[in-house]
Every structure is written in C-alpha cells, then in structure tokens.
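Engineer: output the structure for:
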Amino acid sequence: MDSSIAAILLQDGVTQGAVYALIALALVLVFSVTRIIFIPQGEFVAFGAMTIAALQMNRAPMTALLLLVLGALTFVADAASMLRNPVRRQRARRDLPVQAGKYLLFPLAVYAATVSLAPRALSPALQVGLTLAIVVPMGPMLYRLVYRPLERASVLVLLIASVALHLAMVGLGLLIFGAEGYRSAPLTDSQFAIGTQAIPGQNLLVLGTAVIAIGALYLYFGRTLTGKALKATAINSLGAQLVGIGTIQAGKLALTLASLIGAVCGVLIGPLTTISYDTGFLIALKGFVGAIFGGLASYPVAAAGAWSVGLLDSFSSFWASAFKEVIVFTLIIPILIWRSFVSPHSDSDH
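Structural biologist: Sure thing, here's the model as predicted:
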C-alpha cells in the first residue's frame, strides 16, 4: 500500500462512515424514544435508492403504489380504533376527515404526481423531492400499523416485530423491484482535487449532508420544543407522559425522522454502490455496530463509532476483501463486552 492507495481508501472510508453515522443516529433516536431496535432502517435506504433510480429511468416506482396501500391500511386501523373508543368516537366526525387527508388524499396525490411526472426528464432536485415524498411517509404509517399496537410490550417483543417487519419489507422489495441491483446517477458530476487526489463531488455531497444533518439534529434537540419533548421521552417516558408529552406522537415523529434519514442515505449512496432489494440490511447492520459504540443512547459516540466502522470497512476491503464483513461484524464482540462493564443493567425490560 502506498500513499495514493491509502488516500483513496481513506476517502471511501470517510464517505461510507458518513452514511453509517446517519443510520446510527436514526437507530439511536428510535430506540431511545420508543425502545424499538429498528431493524427495517436499512429497507428505507434501499427503497430510497431504488425509487430514485426508477425515476431516473423514467419509470414510475411501485413504491408509490405501496405508499397508497399503506395509507389505506393506516386509515382503516385509525378509523376502527376511533370507533371502538367511546371518547374518540365523539370526535370522529371532526378527526376522520383529517385522517383521510393524511392517509388517503396525500398518498393518492403523490401516486398521481409520480405516474404523471415519471415519464418526463426530471431535474435532480425534483427526483429527490419525489423520492422523499414517497418513502418518508411510510415510517409513521408502519409505526401505526406494527408498533403502535405493541406500545406496552417488552423490548424483546418489539425486536421480534422489527424482525418480522424487516422480512416483510425485504419481500416487498423483491416483489416491487425484482432481484437485479440498481445504481442511480450521481446528483453532481463535479470533481475536486486536493493535491494529486481527485475527490468526486458526490462524495463531498454525502459528507456535507451528514455533517449538516448531525448539526441539524443537535439544534433540533437542543433548541426546539418538539425536539426537547422527544429528548424528555427518551430520558423518562413515564415522566414525559405525566407532564403532558404524548409518547405516541413522539414515537411517530421518531419513525418519521428515521425514515427521512434512511431515504436520504439511499439517495446519497445509490450512485456509489449497487443497491438491490436486500442490500439495505447489510448497510443498516454496519450502522448498528456504530450505534452499539454509544450503547444505543449517545449520539456523538454512535456517530464516531460509525465513522470508525466505515474506515475499518474500507481498509479491510484492501487487506482482506474476502473477510471484510467478518472483520467489521466481529468488532461488535469486544464492544458488547466493554458495554457490559461500563453500562448500568436494568431488569425492567425482561
């Protein structure tokens, strides 16, 4: 290995680490607020990457139809819950039209826009906007359909539900996109040079987005009322409920942010690697290794751990490409041993 190869590997490691850092932050956010280990996080990455790839090929992605189906199921679930509850039944005349707008009219509008705009040559900004409009709303819908009925369940039951949802989304990905992989076009073709090292603009876009997102999350949790409510729910769910913070709304918001982060990661990483229906799980698993660094609680440590995973992933692909995944995932063993000594134990979730 010479200096030029080391520089290329360092560049790839930092870029991959930025994506893993965003995923790690999403996993920490969801777990700290809802106690859900959000295994399907990777499927939002895959759906985001393959949705924008379909739009670039002037095809209407089937994820728009999936959004329409999920919206209808969510509306039915909400309406049934509302009619079963005597208190909510009195407000049904006022609340049902609002729910219909959120879960029926909005997905229908997105589906119609996708079908009408997909055959045209769209600008990159419009492709990204349409992709986010399709993928991001799936997060709160899945929270309502899968996790909301289990809100009082233990961490183990929520983990089992996450595994089931992951398998269902992988199957849907295979049905919607097929078994072949997709690689989207770069959002920018610019090139920059530092000395003799050429840096693609897409890599800088990934890194810049990660830095901006981390900064935005820091300001959101520290300066906004809803961010402080999420933080309070993460620290003490029962105490948050006692002071009037809705834990259900907090969970829905956490899943919305997680799906947004996943979709953005998919849009950013799509031009750098081939994404297929089952690729997202491997990407999310590496983000999970980074999240374990922070004990699924600390955002800065999770981000630093994810960047470490990205660098290890990059350099191990050079030194031992056949064992790259083994090396990365073996890292979780000493981390878990270390966390078992430094983290307090609780029997409340057994």
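Engineer: what's the nearest residue to residue 83 if we skip its chain neighbours?
Structural biologist: residue 89 (5.7 Å; Cβ to Cβ, 6 or more residues apart in numbering). (Each C-beta comes from the backbone N, C-alpha and C, glycine too.)
Engineer: isn't that neighbour right up against residue 82?
Structural biologist: Yes: here residue 89 reaches residue 82: they are 6.4 Å apart, a contact under Cβ atoms under 8 Å.
Engineer: comparing those two, which residue is more hemmed in?
Structural biologist: When residue 89 is set against residue 82 and neighbours are counted by other Cβ atoms under 10 Å, the residue ahead is residue 82, at 17 against 12.
Engineer: show me the contacts for the more buried one.
Structural biologist: 88, 89, 91, 92, 95, 96, 99 (Cβ atoms under 8 Å, 6 or more residues apart in numbering).
Engineer: the last one and residue 93, how far apart?
Structural biologist: Yep, that's residue 99 we're talking about. 12 Å (Cβ to Cβ, to the nearest Å).
Engineer: compare those two (neighbour count), which wins?
Structural biologist: In this view residue 99 and residue 93 are compared by other Cβ under 10 Å, and residue 99 has more residues nearby, 17 against 8.
Engineer: next SSE after the helix or strand hosting that one?
Structural biologist: Element membership of residue 99, judged by DSSP states H and E, is helix 92-100. Later in the chain than helix 92-100, the nearest helix or strand by DSSP H and E is helix 106-117.
Engineer: contacting residues around stretch 242-249?
Structural biologist: Here stretch 242-249 has contacts from 148, 151, 229, 232, 233, 237, 240, 241, using Cβ under 8 Å, 6+ apart.
Engineer: could you identify the helix or strand that succeeds the host helix or strand of residue 11?
Structural biologist: Secondary-structure assignment from DSSP H and E places residue 11 in helix 3-34. Once the chain leaves helix 3-34, the next helix or strand it forms, by DSSP H and E, is helix 41-56.
Engineer: next, the angle from that next one to helix 3-34.
Structural biologist: 120 degrees (axes from the mean of the first three to the mean of the last three Cα atoms, to 10 degrees).
Engineer: just checking, what packs against whichever strand or helix holds residue 212?
Structural biologist: Element membership for residue 212, per DSSP H and E: helix 201-223. The helices and strands touching helix 201-223, judged by 3 or more Cβ pairs under 8 Å, 6 or more residues apart in numbering; DSSP states H and E, are helix 3-34, strand 191-194, helix 225-235, helix 247-269, helix 299-319.
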